[in-house]
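>>> output the structure for:
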Amino acid sequence: MTRIKEGWEAVIGLEVHAQLKTRSKLFSSCPVAGGSTADLSPNTFVDAITAALPGTLPVPNGEAIRLATRLGLALGCTIDRRSQFARKHYFYPDSPKGYQISQYDRPICAGGGLAIASKFVRLTRIHLEEDAGKTIHDARRPESRVDLNRAGVALVEIVSEPDLASSDEAVAYLKELHRLVVWLGVSDGNMEEGNFRCDANVSVRRVGDPKLGTRTEIKNVNSFRFVGLAIDAEIVRQINVLDGGGAIVQETRGWDEASGTTRSLRSKEDAHDYRYFPDPDLLVLDVSDAVYDGERTTLPELPAARERRYREALGLTAYDAEVLTQTRLRSDWFEALLSHVDDPKTAANWIVNDLLGALAKRGQDLSAPDDARGPLAPATLGALLAGLKGGALSSRMVKDGLAAALAHGPGFDVAAWIGQHGGQVSDSAALIAAIDPILAANASQVAEYLSGKDKVFGFFVGQAMKAMKGKAAPEELQRVLRERLDGLREKG
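A predicted model of the protein is given here:
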């Protein structure tokens, strides 16, 4: 975060567009493009309604209504059981109708809010609307072209109150909102594909001035990092303009990554410029009792609540609780592991410190706990950790078993692997047989230890574990090793 110049403060509100996880578009049965639209031929997912051919009529997507209701309930909004669609008029080539179907004075969700570490951010509204197409500008051609693959895709726009005061707060709010929409299955939240993008409304004012300054809108920023950089750059720009005796113009600006600045795109419209009016082709949107009650009663434990439970009830560190609740899939996998392991801290440590890293190196991620095709079942790690607790396996051997299970994939037989590779060595004679050659080969390190440098002890433990291929019982190994070193001390 750029430090705001003394005497000034920023006022920030965010408008977030999240693409709803529906199979078809908001007002037609036309399928939604899967994967990156950059990899698809232009105008592949277009039907008569998307192209706004004469005589076509929109029909609302019931799944989109259900998902918007779920999100509103999770955010504590008031659900308008009889909301309304409106026409928002603007004339761009990527909008073939000449207007966008959105919601204006009767959105499906109103109020509510989202807590971040520093404050509770209030929401103004959440409304349904259709996405626009994409205008493609190519310097090699004398004309621009239009791709309507995204046109008509179902979106929710989540509008916050101007409660944010810095880029850090804005990014924290966006990350928490992103975690929530993905957790709920409302959106897949893929920012690179434009499925979760943000418009930032930014103004500055003198500290203590109750009047809001003139705001600018930074349009369509699709990464957390760029949102923070764009907001900081715009705050600096506005303060410099005002300090220089100039005035801020209400306008839409874009983020220029190359220069690290925002640039003017067009003058910013007010609501009356869009000439909103109720869409005559669409009836009042009725959220039925079945939809409302169904979403209310099946709303899952939310990520912030689960993270808090992990800290307070399970005793996990704040870091482990945060990592485990970054996605619902990860959290559900941890929950499933707890049915096999009665020590939450141990289970969390192995997921956070070992499993996630091992999966990342293989280009994999956790799958649903009950997915038989996934790279690892919770029961598999549970069986390995049971071997650790029971003394059959050392930590090193659990790591080896985990690697073997990931390499094998589904159907890995933990019991057979433990039978072949398990069995910690705690016999004193066997441990002495491994330790004595190490002490003889490392006389200088022995001398250091005998002179009082206890840290060298870890070196001997590591060498002994390596010699015994990780099968030495750790506590017994350390006991025997100290006895052998103390014996050398007594011999002088």
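>>> could you chop the chain up by domain?
8-293, 301-421, 428-491 (automatic domain parsing).
>>> can you redo the ones you listed as CSV with mean pLDDT and mean neighbour count?
In short, each C-beta sits where N, CA and C put it, glycine included. CSV is the format used below for the domains of the chain (pLDDT from 0 to 100; neighbours: other CB atoms under 10 Å):
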stretch, mean pLDDT, mean neighbour count
domain 8-293, 93, 18
domain 301-421, 93, 17
domain 428-491, 84, 15
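>>> where exactly do the strands run in the stretch 101-250 of the chain?
109-110, 113-115, 120-130, 134-137, 144-147, 154-160, 196-206, 216-221 (DSSP state E, counting those that start in this stretch).
>>> centre-most residue in this protein?
residue 179 (4.5 Å; CA atoms, centre = their mean).
>>> for it, which non-adjacent residue is closest in space?
Nearest non-adjacent residue to residue 179, counting by CB to CB, 6 or more residues apart in numbering: residue 303, 5.3 Å away.
>>> check residue 467 too.
Here the residue nearest residue 467, using CB to CB, 6+ apart, is residue 434, at 4.8 Å.
>>> wait, what's in contact with the one you found?
464, 467-468, 472 (CB atoms under 8 Å, 6 or more residues apart in numbering).
>>> what do you get for residue 351?
324, 330, 333-334, 337, 381 are the contacts of residue 351 under CB under 8 Å, 6+ apart.
>>> if we can go back for a sec, tell me which element the residue nearest to residue 467 falls in.
helix 428-441 (DSSP states H and E).
>>> quick check: what element follows that helix along the chain?
helix 443-450.
>>> what packs against that following helix?
Judged by 3 or more CB pairs under 8 Å, 6 or more residues apart in numbering; DSSP states H and E, the packing partners of helix 443-450 are helix 456-467, helix 474-491.
>>> would you mind pulling the contact partners of the last one?
What that stands for is helix 474-491. The contact list for helix 474-491, computed with CB under 8 Å, 6+ apart, reads 394-395, 426, 428, 431-432, 435-436, 439, 446, 449-450, 457, 460-461, 464-465, 468.
>>> run through the residues that contact the residue nearest to residue 179.
179-180, 183, 325, 328, 331.
>>> from residue 40, how far off is it?
32 Å (CB to CB, to the nearest Å).
>>> same question, residue 164
For residue 164, the distance to residue 40 - CB to CB - is 35 Å.
>>> coming back round to it: dump the strands of the stretch 101-250 of the chain into a markdown table; add distance to residue 344 as well.
A markdown table is the format used below for these (distance: least, CB to CB, whole Å):
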| stretch | distance to residue 344 |
| --- | --- |
| strand 109-110 | 35 |
| strand 113-115 | 24 |
| strand 120-130 | 29 |
| strand 134-137 | 47 |
| strand 144-147 | 49 |
| strand 154-160 | 33 |
| strand 196-206 | 31 |
| strand 216-221 | 38 |
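>>> can you say which of the ones you listed is nearest to residue 11?
strand 196-206 (5.0 Å; CB to CB).
>>> now the angle between strand 216-221 and that closest one, please.
160 degrees (axes from the mean of the first three to the mean of the last three CA atoms, to 10 degrees).
>>> residue 147 reaches residue 50, doesn't it?
No. In this structure residue 147 lies outside contact range of residue 50 using CB atoms under 8 Å: 11.3 Å.
>>> which neighbours do those two share?
In contact with both residue 147 and residue 50: no residue, using CB under 8 Å, 6+ apart.
>>> keeping just the C-alphas, turn the top helix by length along the chain into PDB.
Ordering each helix of the chain by length in residues (DSSP state H) puts helix 224-243 first. Only the C-alpha atoms of helix 224-243 are listed here, as PDB (Å, rounded to 0.1, in the frame of the first residue of the first chain):
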ATOM      1  CA  PHE A 224      -5.900  -8.700  -6.600                       C
ATOM      2  CA  ARG A 225      -2.400  -7.200  -7.200                       C
ATOM      3  CA  PHE A 226      -3.500  -4.900  -9.900                       C
ATOM      4  CA  VAL A 227      -6.500  -3.700  -8.000                       C
ATOM      5  CA  GLY A 228      -4.200  -2.600  -5.200                       C
ATOM      6  CA  LEU A 229      -1.700  -0.900  -7.500                       C
ATOM      7  CA  ALA A 230      -4.500   0.800  -9.500                       C
ATOM      8  CA  ILE A 231      -6.200   2.200  -6.400                       C
ATOM      9  CA  ASP A 232      -2.800   3.500  -5.000                       C
ATOM     10  CA  ALA A 233      -2.000   5.100  -8.300                       C
ATOM     11  CA  GLU A 234      -5.400   6.800  -8.500                       C
ATOM     12  CA  ILE A 235      -5.200   8.100  -5.000                       C
ATOM     13  CA  VAL A 236      -1.800   9.700  -5.700                       C
ATOM     14  CA  ARG A 237      -3.000  11.200  -9.000                       C
ATOM     15  CA  GLN A 238      -6.100  12.700  -7.400                       C
ATOM     16  CA  ILE A 239      -4.200  14.300  -4.500                       C
ATOM     17  CA  ASN A 240      -1.600  15.700  -6.900                       C
ATOM     18  CA  VAL A 241      -4.300  17.200  -9.100                       C
ATOM     19  CA  LEU A 242      -6.100  18.800  -6.100                       C
ATOM     20  CA  ASP A 243      -2.800  20.000  -4.500                       C
END
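>>> by contact count, what packs against the helix or strand just after that helix?
The helix or strand immediately downstream of helix 224-243 is strand 251-256, counting by DSSP H and E. Contacts defined by 3+ CB pairs under 8 Å, 6+ apart place strand 251-256 against strand 216-221, helix 224-243, strand 261-267.
>>> got a list of contacts for strand 251-256?
216-221, 226, 229-230, 233-234, 262-268.
>>> remind me which helix or strand the spatially closest residue to residue 147 that is not a sequence neighbour belongs to.
Spatially, and ignoring its direct neighbours in sequence, residue 147 is nearest to residue 42 (3.9 Å; CB to CB, 6+ apart). Assigned by DSSP H and E, residue 42 falls within no helix or strand.
>>> residue 42 reaches residue 145, doesn't it?
Yes. Using CB under 8 Å, residue 42 is in contact with residue 145, at 7.0 Å.
>>> what is in contact with those two at once?
The contact sets of residue 42 and residue 145 overlap at residue 136 (CB under 8 Å, 6+ apart).
>>> right, and the strands of the stretch 101-250 of the chain - which one's nearest residue 314?
strand 113-115 (20.7 Å).
>>> which elements pack onto the closest one?
Using 3+ CB pairs under 8 Å, 6+ apart: strand 113-115 touches strand 120-130, helix 167-183.
>>> one more pass at 6 Å, please.
With contacts taken as 3 or more CB pairs under 6 Å, 6 or more residues apart in numbering; DSSP states H and E, strand 113-115 sits against strand 120-130.
>>> ok, residues contacting the strand it packs on?
26, 68, 72, 101-103, 107-110, 112-114, 152, 155-161, 163, 173 (CB atoms under 6 Å, 6 or more residues apart in numbering).
>>> go on, stretch 367-387?
Residues contacting stretch 367-387 (CB under 6 Å, 6+ apart): 332-333, 336-337, 340-341, 364, 393, 398, 401, 405-406, 410, 412, 414, 418.
>>> and stretch 142-154, by the same measure?
19-20, 22, 25-26, 32-33, 37, 42-43, 45-46, 50, 61, 64, 93-94, 130-137.
>>> if we go to 7 Å?
The contact list for stretch 142-154 (CB atoms under 7 Å, 6 or more residues apart in numbering) reads 19-20, 22, 25-28, 30, 32-33, 37, 40, 42-46, 49-51, 61, 64, 93-94, 96, 130-137.
>>> out of the contacts of residue 351, the closest to residue 354 would be?
Using CB to CB, the contacts of residue 351 come closest to residue 354 at residue 381, 9.1 Å.
>>> what's the closest of the strands of the stretch 101-250 of the chain to residue 242?
Here strand 196-206 is closest among the strands of the stretch 101-250 of the chain (CB to CB), at 7.0 Å.
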